[in-house]
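Enquirer: Let me see the structure of the following:
(2 chains)
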Amino acid sequence: MVKEPVAVVGIGQTKHVAARRDVSIAGLVREAAVRALDDAQLTWADIDAVVIGKAPDFFEGVMMPELYLADALGAVGKPMLRVHTAGSVGGSTALVACNLVAARVHRTVLTLAFEKQSESNAMWGLSLPIPFQQPLLAGAGGFFAPHVRAYMRRSGAPDTIGSLVAYKDRRNALKNPYAHLHEKDITLEKVQSSPMLWDPIRYSETCPSSDGACAMVLTDAVGARRAPRRPAWVLGGAMRSEPTMFAGKDYVSPRAGKECAADVFLQSGITDPRREIDAVEMYVPFSWYEPMWLENLGFAAEGEGWKLTESGVTEIGGDLPVNPSGGVLSTNPIGASGMIRFAEAAMQVRGQAGEHQVDGARRALGHAYGGGSQFFSMWVVGAERPTS
Amino acid sequence: MPDVLSAPLVVEFPFTRSLGPVQSAFLTGLRERSVLGVRTADGRVLVPPAEYDPVTAEEIRELVEVGTAGTVTAWAWNPQPRPCQPLDRAFAWVLVRLDGADTALLHALDAPGGAQSVRTGMRVRIRWALEREGAITDIACFEPDDDGPTTHEARPHSGEFADPVTGITAPARLDYTYFPGRAQSRYITALAGRKTIGERCPSCRKVYVPPRGACPTCGVATDEQVEVGPRGTVTTFCVVNIKAKNVDIEVPYVYVHIALDGADLALHGRIGGIPYDQVRMGMRVEPVWTEGGRHPDHYRPTGEPDADYDSYRELL
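Expert: Residues are numbered from 1 along each chain as shown, chains lettered A, B, ... in the order given. Modelled structure (predicted):
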């Protein structure tokens, strides 16, 4: 069956900050949605369906917030869907919207993801005191830090790699007006002397907690022809999942991530991602996940990812820029973080990324993961309409 | 099934809500004994107010003040109020269209005459709470109003008040009864005898600790119990330097993944009895129990030589 080509014709984000006390959740999502519509020069009447995602309801304590957001998102009288895949949800939400257009169910879909972390405490939402179970002995970083150590042992990476990633991403964020953290005085020494929270993870190597939303307008080939600005074309999209815990699970390089990447590259006709992808927006909540995902996604051989980071390949001026937007390390409204990756990838191939634009970006990868490294979603977007 | 454990689980948290301009004006208005709504582009007055027009999706910011009396448009009798409901005696849930509004507000009606005294179309008025803070509970409830219908019309209102309410706290509480299931009940019961019981998958032969009753890879029940440990190998770890909420352990401490001998995946624990900076991957450890503890308090080095990396690399 021939799929409908899918184009990204509108992108909108809020300025991500620690707390948006001036707006309700409805007001927050509305800002991103209106910016995406403006970018596409469309109105609410042009939207056929709305697909929304966020992290678990417990984060804000509003059960099924999509119900109350229907009017803020112009969804009254239209289909509205909620997607729910933990931290990867921003990516999988975009893919559900994309599939609705590809399958010709709808012609133009608004997709949006958000989090208002200031309304509650995400860690509380994730760590209920289950009876009989041993309490988790460490915070979120404590969950991931042992896997980082396992990566260091497996790859022989020098201790400094994590700080190089954080220093790069925080400098990239200075070029992105929507990024949450703008640390104008950042230096490598400051990153390397920040407190060691969960050894081997330092404070400056962790993501912030943000309020923010991101929206995209996806449309079909006819819609793309009418679009006022250059679209980004979806070349491939894939999701994979696996259990949180099972015998043989590889937390450093989960099989679901490898297979998801292989699928998305196959769909996109990419055989050598290291050469054929011009920019990567990947979900890096702790700095060490950059080299880990470089290997998991197939950009580097096993044990070699850190060498790309160390040699500057992943800088904006390098030949495989990773997280030119500043990434999750600079902006983390959890539910929206995956969609921001997807949207930033699309901005790169539209030539829309402003100061953090990668020169001549023609194909970019957006990546998200969530849960206990168990949900993965990815898309590849390109400047050229796919031929098949 | 008497061998299955159960225990109460209470989930409770005070969520905060940022109100935005419209809800802020509405709740601050209640504090000042004014009821504000919004007027849509086609002239309808929505009370309680919405930020966005449910028909056109346009932003609505035109605030109006409506009356404090109105008409019941629908109702339901609540014979046995629950804790935290607006009244502690039987009352009616009512939808009230306030004078000047085109939509109805949900609240409680104090009806001393009982259910027989409540009817659709009856006139009611607001009974204000004595102490008001900018919340829907500033309306204590509605009460029957013997005065006839008024011709109150919605009047423009700036929505501006001194010291506006911009956020509220919304406490939430859920009460569950938690059942860990047969497999985990067996595991927990065995722990009381300081034994660790895993379960072997009949298909892939992997031993799961703690057992969940099924193998997540093969999707089949695991019903063969296998004792594992007590000794094990540290597969990986981190040094925790900041206190986690609800964990009463002095920092720094070492949080470890331990593969108990005979188990095919690691569980988590803490290392004691050795300086934190001497913990190593591959270190051999054994559990240390305290009186009455459901789980090992921590693990300590056994003094055996470290395990070879290749012996546990598949468990990372």
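Enquirer: three-state assignment of A:Gly10?
Expert: strand (DSSP: H, G, I helix; E, B strand; the rest coil).
Enquirer: Could you tell me how far it is located from B:Thr290?
Expert: From A:Gly10 over to B:Thr290 the distance is 60 Å, taken as C-beta to C-beta, to the nearest Å. Backbone N, C-alpha and C define where each C-beta goes, glycine included.
Enquirer: So what's the residue count around B:Gln80?
Expert: B:Gln80 is flanked by 7 other residues according to other C-beta atoms under 10 Å in any protein chain shown.
Enquirer: Surely it and B:Asp88 touch.
Expert: No. The pair B:Gln80 and B:Asp88 fails to qualify as a contact (C-beta atoms under 8 Å) at a distance of 10.4 Å.
Enquirer: Who has more neighbours out of A:Gly10 and B:Thr290?
Expert: Comparing A:Gly10 with B:Thr290 by other C-beta under 10 Å, the one with more neighbours is A:Gly10, at 29 against 9.
Enquirer: and the more buried one, how far is that from chain B?
Expert: If you measure A:Gly10 against chain B using C-beta to the nearest C-beta, to the nearest Å, the figure is 16 Å.
Enquirer: OK, contacts around that residue?
Expert: A:Gly10 is in contact with A:Ala36, A:Leu37, A:Asp38, A:Asp39, A:Ala40, A:Leu42, A:Ala215, A:Met216, A:Val217, counting by C-beta atoms under 8 Å, 6 or more residues apart in numbering or on different chains.
Enquirer: Now do the contacts for B:Val94.
Expert: B:Val72, B:Ala74, B:Trp75, B:Leu106, B:His107, B:Ala108, B:Leu109, B:Val118, B:Val124, B:Phe142.
Enquirer: Buried residues in the helix or strand it falls within, which are they?
Expert: Counting by DSSP states H and E, the element that carries B:Val94 is strand B:91-98. The neighbour-count check on strand B:91-98 (16 or more other C-beta atoms under 10 Å in any protein chain shown) flags B:Phe91, B:Ala92, B:Val94, B:Leu95, B:Val96, B:Arg97, B:Leu98 as buried.
Enquirer: which residue packs closest to A:Met371, ignoring adjacent ones?
Expert: For residue A:371 the amino acid is Gly, not Met. Leaving aside its chain neighbours, A:Gly371 sits nearest to A:Ala86 (4.2 Å; criterion: C-beta to C-beta, 6 or more residues apart in numbering or on different chains).
Enquirer: re earlier: can you list which of the contacts of A:Gly10 are found in strands?
Expert: A:Ala215, A:Met216, A:Val217 (DSSP state E).
Enquirer: What is the nearest of those to A:Ile161?
Expert: Within the ones in strands among the contacts of A:Gly10, the smallest distance to A:Ile161 is 32.4 Å, found for A:Met216 (C-beta to C-beta).
Enquirer: and residue 26, what does it touch?
Expert: Picked chain A for this. By C-beta under 8 Å, 6+ apart, the contact set of A:Ala26 is A:Tyr68, A:Leu69, A:Asp71, A:Ala72, B:Gly20, B:Glu51, B:Tyr52.
Enquirer: that's the wrong chain, I meant chain B
Expert: Per C-beta under 8 Å, 6+ apart, neighbours of B:Phe26: B:Leu36, B:Gly37, B:Pro48, B:Pro49.
Enquirer: Most neighbours among those residues, which one is it?
Expert: Result: B:Gly37 is most packed of these (other C-beta under 10 Å), 30 neighbours.
Enquirer: Is that residue in contact with B:Ala50, as I believe?
Expert: No. Contact criterion C-beta under 8 Å: B:Gly37 and B:Ala50 do not qualify, at 9.2 Å.
Enquirer: phi, psi of B:Pro301?
Expert: phi -60, psi 140 (degrees, to the nearest 10).
Enquirer: And the pLDDT at it?
Expert: Per-residue pLDDT puts B:Pro301 at 97.
Enquirer: what about the closest residue to it other than its chain neighbours, how many neighbours?
Expert: Distances taken as C-beta to C-beta, 6+ apart place B:Ile274 nearest to B:Pro301, at 5.4 Å, with adjacent residues excluded. Neighbour count of B:Ile274, defined by other C-beta under 10 Å: 15.
Enquirer: got it, and B:Lys195?
Expert: With other C-beta under 10 Å as criterion, B:Lys195 counts 13.
Enquirer: what's the distance between it and chain A?
Expert: In terms of C-beta to the nearest C-beta, B:Lys195 sits 16 Å off from chain A.
Enquirer: Next up, the contacts around that residue.
Expert: Counting by C-beta under 8 Å, 6+ apart, the residues that B:Lys195 touches are B:Glu227.
Enquirer: Mind jotting down where the helices sit in chain A?
Expert: With DSSP state H as the criterion, chain A has helices at A:25-40, A:65-68, A:89-102, A:122-126, A:140-155, A:161-173, A:188-192, A:221-226, A:255-267, A:273-276, A:289-296, A:305-310, A:327-330, A:334-350.
Enquirer: what's the angle from the third one to helix A:255-267?
Expert: In this case it means helix A:89-102. Using axes from the mean of the first three to the mean of the last three C-alpha atoms, to 10 degrees, the inter-axis angle of helix A:89-102 relative to helix A:255-267 is 30 degrees.
Enquirer: any weak-confidence spans in the stretch 151-300 of chain A?
Expert: Of all residues in the stretch 151-300 of chain A, none has pLDDT under 70.
Enquirer: how about the residues of it near chain B?
Expert: Where the stretch 151-300 of chain A comes near chain B, counting by C-beta under 8 Å from any C-beta of the partner chain, the residues are A:153-154, A:195-201, A:243, A:245-252.
Enquirer: Those residues in strands, which ones?
Expert: Here DSSP E is the test, and these give A:Met196, A:Leu197, A:Trp198, A:Asp199, A:Ile201 as lying in strands.
Enquirer: before we move on, the earlier item: tell me the SS of the residue nearest to B:Pro301?
Expert: coil.
Enquirer: domains of chain B?
Expert: B:7-172, B:229-315 (automatic domain parsing).
Enquirer: Present the ones you listed as CSV; the columns should include distance to A:Glu344.
Expert: Listed next are those as CSV, based on distance: least, C-beta to C-beta, whole Å:
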stretch, distance to A:Glu344
domain B:7-172, 26
domain B:229-315, 30
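Enquirer: Compare those domains and give me the one nearest A:Gly223.
Expert: Of all those, domain B:7-172 comes closest under C-beta to C-beta, at 19.3 Å.
Enquirer: what about residue 231, neighbour count?
Expert: No chain specified, so I'll use chain A. By other C-beta under 10 Å, neighbour count at A:Pro231 equals 26.
Enquirer: you looked at the wrong chain, it should be chain B
Expert: Neighbours of B:Arg231 using other C-beta under 10 Å come to 16.
Enquirer: Can you pull the phi/psi pair for it?
Expert: Torsion angles, degrees, to the nearest 10, at B:Arg231: phi -80, psi 160.
Enquirer: so who does it touch?
Expert: B:Leu260, B:Asp261, B:Arg284, B:Val285, B:Glu286, B:Thr302, B:Glu304.
Enquirer: what about 6 Å?
Expert: B:Asp261, B:Glu286, B:Thr302 (C-beta atoms under 6 Å, 6 or more residues apart in numbering or on different chains).
Enquirer: The last one touches B:Met283, doesn't it?
Expert: Just to be clear, that refers to B:Thr302. No. Look at B:Thr302 against B:Met283 with C-beta atoms under 6 Å: they stay out of range, at 8.6 Å.
Enquirer: Alright, that wraps it up for me.
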